[in-house]
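1. I would like to see how this sequence folds:
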Amino acid sequence: MNDRVSLTKDEVTYERFELNPAEYYENRFAHTPVKTVVGKESLATKQTIIFQKSAALHEALHNFIAERGNNETIKVLEIGCGSGTIGARLKAYVPHIELYGVDMSATCIEVAKQNDFDHVIAYDVVTSLPYESNYFDFVYTMDFFGHVEFRSKDQIIAEIHRVTKPGGQGFHGIEMGYVNYMNCNPKDPDDIVRKYVYMEGHIGIETLDDILMRFNPHFDIIGAYPWPIRPMLNINNILTSEFWGKEFCEAFAEIDSFNSRQAADMVIQHCSQYLLNSLRDIYGNILTPASVAKSGNSKLDAWIEYLIQGSGFAKITTRKR
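-> Numbers count the residues shown, from 1 in each chain. The predicted model follows:
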């Protein structure tokens, strides 16, 4: 079976890939509660690239609270909260918030209740959010939008805008990149795109420029950039995909251990953060191919564009007008 079909973005659906999202996600992200261990991680763990993935969320919320300049408890919503791992860490570092969570999986919601969320509900957010308008001060998502069909993304963003207070902010960690959904055979088990969708349910990956085009009608973009900076990537993915080449993987195999992987992730995180800070100093807080000015030096421009392609994830901070 290798007959490929041409699809529009709106035709890229779970149904076309023969997946039932309610069944697929019910237990997939039902992890063990982490409330008792958050905040107790080693300094080394806190410096790894995976841990730092959500550091910008903590920073964005801290900055928002500082801007407000008062001690009022703020209402924070996580959409697609899963088992509440991200929320548990957020609550540990920013305890004076009222934390809400919503997810389609009732199994995950039961775990989130144990992860220090104040209010959680099982609800399919594809068409609406079960909250009043102008209710939340801060709304965030992490690894959520890549699981949303293209045809539903704009509606969800409009709902985020509706439930956010005027002047409220948001943070969105979004899977990004290019996946050739529009030219694949979604019913062929051997099709590479189908295999990718079945791996973790990523039905809606798009570029950072395309993501910002969806948010721009509703929000001011405070910051938007790829993470990590290309060619950085956590060591597990580097080894699994041979992202840095077969020779590197074979060499690393000679010293492979938990400690060597943790040390590698610390170094990769430091290098990525250094490159990111340097690029933001030069180009500002929005780093996309469409937003970065050309220098006139074709080789330099190509190198910068390569860096800001990123390695599959983006961090976006927004403010409701």
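
2. per-residue pLDDT, L7?
-> L7 carries a pLDDT score of 86 in this model.

3. so where's the protein shaky on pLDDT?
-> The model of the chain has pLDDT under 70 over residues 1-3.

4. what's the closest non-adjacent residue to N236?
-> Among residues not flanking N236 along the chain, R261 sits closest, at 6.9 Å (Cβ to Cβ, 6 or more residues apart in numbering). (Each C-beta comes from the backbone N, C-alpha and C, glycine too.)

5. Show me which residues of the helix or strand encompassing that neighbour are buried.
-> R261 is part of helix 258-283 when elements are defined by DSSP states H and E. By neighbour count on 16 or more other Cβ atoms under 10 Å, the buried set for helix 258-283 is 261-266, 268-269, 272-273, 275-276, 279, 283.

6. now swap in stretch 67-74 and tell me
-> I74.

7. Using CSV, write out every CA atom in that stretch.
-> C-alpha atoms of stretch 67-74 as CSV (Å, rounded to 0.1, in the frame of the first residue of the first chain):
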residue,chain,number,x,y,z
GLU,A,67,4.1,43.4,36.5
ARG,A,68,0.8,43.3,38.4
GLY,A,69,2.5,44.6,41.5
ASN,A,70,0.0,43.2,44.0
ASN,A,71,-0.5,40.2,46.1
GLU,A,72,-3.9,39.1,44.7
THR,A,73,-4.2,35.4,43.9
ILE,A,74,-4.3,34.9,40.1
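
8. How far does that stretch sit from its chain's centre?
-> In terms of Cα atoms, centre = their mean, to the nearest Å, the centre of stretch 67-74 is set 26 Å apart from its chain centre.

9. gap between T107 and V34?
-> When distance is defined by Cβ to Cβ, to the nearest Å, T107 is 16 Å away from V34.

10. Among these two, which residue is more densely surrounded?
-> V34 (21 against 17; other Cβ atoms under 10 Å).

11. Under a three-state scheme, what state does that one occupy?
-> coil (DSSP: H, G, I helix; E, B strand; the rest coil).

12. Assess the claim that it and I86 are in contact.
-> No. Taking contacts as Cβ atoms under 8 Å, V34 lies outside contact range of I86: 9.7 Å.

13. now the longest strand along the chain, how far from the centre of its chain.
-> What stands out as the longest strand in the chain, according to DSSP state E, is strand 164-175. How far strand 164-175 lies from its chain's middle: 13 Å, per Cα atoms, centre = their mean.

14. and the helix or strand following it, what other elements does it pack with?
-> Counting by DSSP H and E, the element after strand 164-175 in chain order, helix or strand, is strand 183-184. Other elements packing on strand 183-184 under the criterion 3 or more Cβ pairs under 8 Å, 6 or more residues apart in numbering; DSSP states H and E are strand 5-6, helix 192-200.

15. Including mean neighbour count and distance to G245, could these go into TSV?
-> Putting the helices and strands packed on strand 183-184 into TSV (neighbours: other Cβ atoms under 10 Å; distance: least, Cβ to Cβ, whole Å) gives the following:
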stretch	mean neighbour count	distance to G245
strand 5-6	10	34
helix 192-200	16	20
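
16. Adding distance to K320 as columns, could you present those in a markdown table?
-> Below are those laid out as a markdown table (distance: least, Cβ to Cβ, whole Å):
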| stretch | distance to K320 |
| --- | --- |
| strand 5-6 | 37 |
| helix 192-200 | 30 |
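
17. Relative to K40, which of those is closest?
-> helix 192-200 (28.0 Å; Cβ to Cβ).

18. Would you mind identifying the next helix or strand past the closest one?
-> helix 208-215.

19. Next, count neighbours for T45.
-> Based on other Cβ under 10 Å, the number of other residues close to T45 is 13.

20. That one and Q52 touch, don't they?
-> No. With contact defined as Cβ under 8 Å, T45 does not reach Q52; the gap is 10.3 Å.

21. Between those two, which contacts overlap?
-> Overlap of the contact sets of T45 and Q52 (by Cβ atoms under 8 Å, 6 or more residues apart in numbering) is empty.

22. rewinding a little: out of the helices and strands packed on strand 183-184, the one nearest K75 is which?
-> Nearest of the helices and strands packed on strand 183-184 (Cβ to Cβ): helix 192-200, 30.0 Å.

23. Which one of the helices and strands packed on strand 183-184 lies nearest to I74?
-> Nearest to I74, of the helices and strands packed on strand 183-184 and by Cβ to Cβ, is helix 192-200 at 31.5 Å.

24. what does the closest one rub up against?
-> Contacts of helix 192-200 (Cβ under 8 Å, 6+ apart): 17, 19, 147, 179-181, 184-189, 202-203.

25. so K153 touches R214, yeah?
-> Yes. In this structure K153 lies within contact range of R214 using Cβ under 8 Å: 5.7 Å.

26. that older thread, relative to I97, which of the helices and strands packed on strand 183-184 is closest?
-> Evaluated over the helices and strands packed on strand 183-184, closeness to I97 peaks at helix 192-200, with 28.7 Å, by Cβ to Cβ.

27. can you count the residues close to E305?
-> So E305, with other Cβ under 10 Å, has 14 neighbours.
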